[in-house]
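Enquirer: sequence below, structure please.
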Amino acid sequence: MRKKIKSKAEILPDSVYNSALVTKFINHLMLDGKKSVAQRAMYSALDILAHDMKTENPLQVFETAIKNVSPNLEVRSRRIGGANYQVPREVKTDRKLTLAIRWMIQTSRAKKGKPIAKRLAEEFMLASKNEGAAIKKKENIQKMAEGNRAFAHFAW
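Expert: Take a look at the predicted model:
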């Protein structure tokens, strides 16, 4: 008998920007079930983005940032004949998005001394210009995958 295919939970778009991506980001940003706090931080970050970059659409900057941070390749550990190899693999679409969101939040939280909304806005701005800590993380992952290309034949 085959396994059941897991159904993905449907994420409804948020009320302000009508974007499922923003909702997903808020859900990842949330700590201890405090969604209203996460929403306030996210919407404040997008407001700061709109003000600082003097852009009409901060959502576009946010989406560009997420797209820029999303990795194409990653390494997965694989045990073959008693040795572990780092095998480069292509990243699936859902995982790309999850990794990008995770890295943006991690790098924002790692900075100290400013409110989270300001740190998020800065990270979005930098990532949309292909700069910043989240982009650096992506590049490190890509480099590792390139460096282990010799083991690509173990991917099956």
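Enquirer: which helices and strands does the one helix or strand Leu46 maps to pack with?
Expert: Assessed by DSSP states H and E, Leu46 sits inside helix 35-52. Judged by 3 or more C-beta pairs under 8 Å, 6 or more residues apart in numbering; DSSP states H and E, the packing partners of helix 35-52 are helix 20-29, helix 58-69, helix 116-128. In this view, the C-beta of every residue, glycine as well, is placed from N, C-alpha and C.
Enquirer: let me know the average pLDDT across it.
Expert: Averaging pLDDT along helix 35-52 gives 94.
Enquirer: can you check stretch 76-89 too?
Expert: Stretch 76-89 comes out at a mean pLDDT of 89.
Enquirer: what does stretch 4-14 give?
Expert: Here the average pLDDT along stretch 4-14 is 88.
Enquirer: buried residues, that stretch. List them.
Expert: Across stretch 4-14, burial judged by 16 or more other C-beta atoms under 10 Å covers Asp14.
Enquirer: so what touches that stretch?
Expert: Residues from elsewhere that reach stretch 4-14, judged by C-beta atoms under 8 Å, 6 or more residues apart in numbering: Ser19, Ala20, Val22, Thr23, Lys24, Ile26, Asn27, Gln39, Asp94.
Enquirer: most tightly surrounded among the helices and strands packed on helix 35-52?
Expert: Mean neighbour count, computed with mean count of other C-beta atoms under 10 Å, is highest for helix 116-128 among the helices and strands packed on helix 35-52, reaching a mean of 23.
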